[in-house]
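1. Sharing a model that was predicted from the sequence below.
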Amino acid sequence: MTETPDQAALRAFLRPYTTKSDGRGALSFAGTLVVYGGALILGVALAEAGQWAGAVAMVGVLAFASVRLYVLQHDCGHAALFRRKGLNDVVGYALSVFSLTPYRVMQYNHNQHHAYLGNLDHRETTEVYTMTLAEWQAAPWHRRLWYRLYRNPVVMLSLGGIYAYFIAYRWPRNTRVVGVWGVIAHNLMLAGYLTLIWATLGLVGLVVWGVSALLAGVIGVFLVYLQHNFEETYWDRKPSLDFRKATLVGSSSLDLGWLWDLGTGNIAYHDLHHYNPGIPSYNLRRCQRALPEALRAHDVIRWPEAIRSFRLKLWDEDAGRLVPFPKAETARMVAAE
C-alpha cells in the first residue's frame, strides 16, 4: 500500500498530538540523562571489576541513551519538546555535548532536509546520498566503485557513524552560514566534557564512553538509512514533485518493537514526523498506533523488510522505486576488474 491520504482529515487527526507538555518534555529529558549517567558510571564500575557481560550491557544502554538524547535535541530544533521556544533552545544547546552535534548547524541543516525532501535536484540535503539508475549507468568505473563502497551496509554502518559524529560534525556543512563561533564553542564544550570523564572516571571511563559512542553511531546511521531508503519511497523533480507525498510516502514508518522505540525516542515513525514536525517525540508512538487505516500512506516496515532494504541502492525514475544494483551491470563491472 502506497498512497497519499486525505490531507484535511490527516491534519485534523494529527492536530491534538502536536500539544506540547513541559512536564513530559522535562521528564523525557531528565529521565534519559539519568539513564545515560547511570549507564556510564555503572559500566565503568563493572569493567573495573572484570564483570564484562554487565559492562557490555551498560555500553549498549549508554549507546541507546545517547541516540535518545540526539532525538530530544532534534525535537528542540523543531521547537517541539517544550512549549516555549527559548526553553527548547537552551536544552538543545545543552544536549549538543551528549549528541556530539552542534545545535544551530544541526537545526539549519535538518530544516534544509525537511524543505527539500524527495527532491532529486537537492540531494545534497539528504543524510544518505542516492544515485539514480540512469546516473549509475552513465557513471565511470571509479565513481561506481566509490558509490558501491559508500552504499555497502558494512562500510556504511561501521564507518558512517565515525565519519558523521567524530569528523564531519566537528565542522559541519553550512557552519559559515549559521555561525562559526557556535561550532567552536560546541567543540570546546565537548573537549571539556571528555576531560571531565577522564578526571572522574579515568581511562576506563573514556573507553566506555568511546565504545558506546561508536555503537550509537551505528544505531543512528541504521535509523537514518531506513527513514528514507526503502523500496516504495518517493523521489521526483519539479514541476511534478509533490511535497506532501514526499513527507508521507517518502518517509518510512518502522515498527521495530516498543523497546526500540523507547531507546530511540519514537523517531521510527518518520512519516508522521515529516508531515508535521511539531509533534513531540513523546506523542509519536501513540499517534501512529491510533492512526486510522484510511489515513496511512503505506504499510509499516518490520525487521525482515528493514534488513532487506539495505540491498536497495539506486532510484529508478521510470519504475518509481528504489532498486538493487543491476545484475548485468554488476557482472560486467566484476569482469572489468
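-> Received it, and whenever you're ready, just let me know what you need. Predicted, not measured: the structure shown is a model, and the values here were computed from it. Residues are numbered from 1 along each chain as shown.

2. make it CA atoms for all contacts and neighbour counts henceforth
-> Noted.

3. pLDDT score for Thr4?
-> With respect to pLDDT, Thr4 scores 81.

4. Name the nearest residue to it, ignoring sequence neighbours.
-> Ala297 (5.3 Å; CA to CA, 6 or more residues apart in numbering).

5. what residue ranges in the chain score low on pLDDT?
-> The chain contains residues with pLDDT under 70 at 1-3, 328-337.

6. which residue is nearest the middle of it?
-> The residue lying closest to the centre of the chain (CA atoms, centre = their mean) is Val224, at 3.7 Å.

7. Following the chain past the helix or strand where it lies, name the next helix or strand.
-> Using DSSP states H and E, Val224 maps to helix 180-228. Next helix or strand after helix 180-228 toward the C-terminus (DSSP H and E): helix 243-248.

8. For that next one, what is the distance to the chain centroid?
-> 18 Å (CA atoms, centre = their mean, to the nearest Å).

9. residues of it that come out buried?
-> Phe243, Arg244, Lys245, Ala246, Thr247, Leu248 (16 or more other CA atoms under 10 Å).

10. do the same with stretch 56-64
-> Val56, Met58, Val59, Gly60, Val61, Leu62, Ala63, Phe64.

11. check contacts around the residue nearest to the centre of the chain.
-> Taking CA atoms under 8 Å, 6 or more residues apart in numbering, we find Val224 in contact with Glu127, Val128.

12. What distance do you get for it to Leu262?
-> From Val224 across to Leu262, the span is 17 Å (CA to CA, to the nearest Å).

13. Same question for Val177.
-> 35 Å.

14. same deal with Arg144?
-> 38 Å.

15. related to what we said a few turns ago, so for Val177 and Leu262, which residue has more residues nearby?
-> Leu262 (15 against 9; other CA atoms under 10 Å).

16. how about the closest residue to Ala246 other than its chain neighbours, what does it touch?
-> In space, and not counting its chain neighbours, Ala246 is closest to Gly118: 5.3 Å by CA to CA, 6+ apart. Neighbouring residues of Gly118 by CA under 8 Å, 6+ apart: Tyr234, Trp235, Asp236, Leu241, Phe243, Ala246, Thr247, Gly250.

17. Could you rerun that using 6 Å?
-> Tyr234, Trp235, Ala246 (CA atoms under 6 Å, 6 or more residues apart in numbering).

18. Turn those residues into a markdown table, including distance to Leu133.
-> Shown next, in a markdown table, are these (distance: CA to CA, whole Å):
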| residue | distance to Leu133 |
| --- | --- |
| Tyr234 | 14 |
| Trp235 | 12 |
| Ala246 | 19 |
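
19. ok now the helix holding Val224, how far from the chain's centre?
-> So, by CA atoms, centre = their mean, the centroid of helix 180-228 is 16 Å from its chain's centroid.

20. do stretch 226-241 as well
-> 17 Å.

21. Check stretch 60-78 too.
-> 10 Å.

22. Check stretch 38-57 too.
-> 27 Å.

23. For that stretch, measure first residue to last.
-> 12 Å.

24. what are the phi and psi angles of Pro292?
-> Main-chain torsions, Pro292, degrees, to the nearest 10: phi -60, psi 150.

25. swap in Thr132?
-> Dihedral angles for Thr132 - degrees, to the nearest 10 - are phi -80, psi 160.

26. give the contact list for it.
-> Leu314, Trp315, Asp316.

27. Can you report how many residues neighbour the first one?
-> When neighbours are defined as other CA under 10 Å, Leu314 has 23 of them.

28. so it touches Met131, yeah?
-> Yes: counting by CA atoms under 6 Å, Met131 is a contact partner of Leu314 at 5.4 Å.

29. Please flag which of the buried residues of stretch 56-64 sit within helices.
-> Val56, Met58, Val59, Gly60, Val61, Leu62, Ala63, Phe64 (DSSP state H).

30. okay, now Gln137: neighbour count?
-> 14.

31. Which strand or helix spans it?
-> helix 133-138.

32. Relative to Gly92, how far out is the closest residue to Val155 other than its chain neighbours?
-> Among residues not flanking Val155 along the chain, Leu149 sits closest, at 6.7 Å (CA to CA, 6+ apart). Using CA to CA, Leu149 is found at 34 Å from Gly92.

33. Much appreciated, bye for now.
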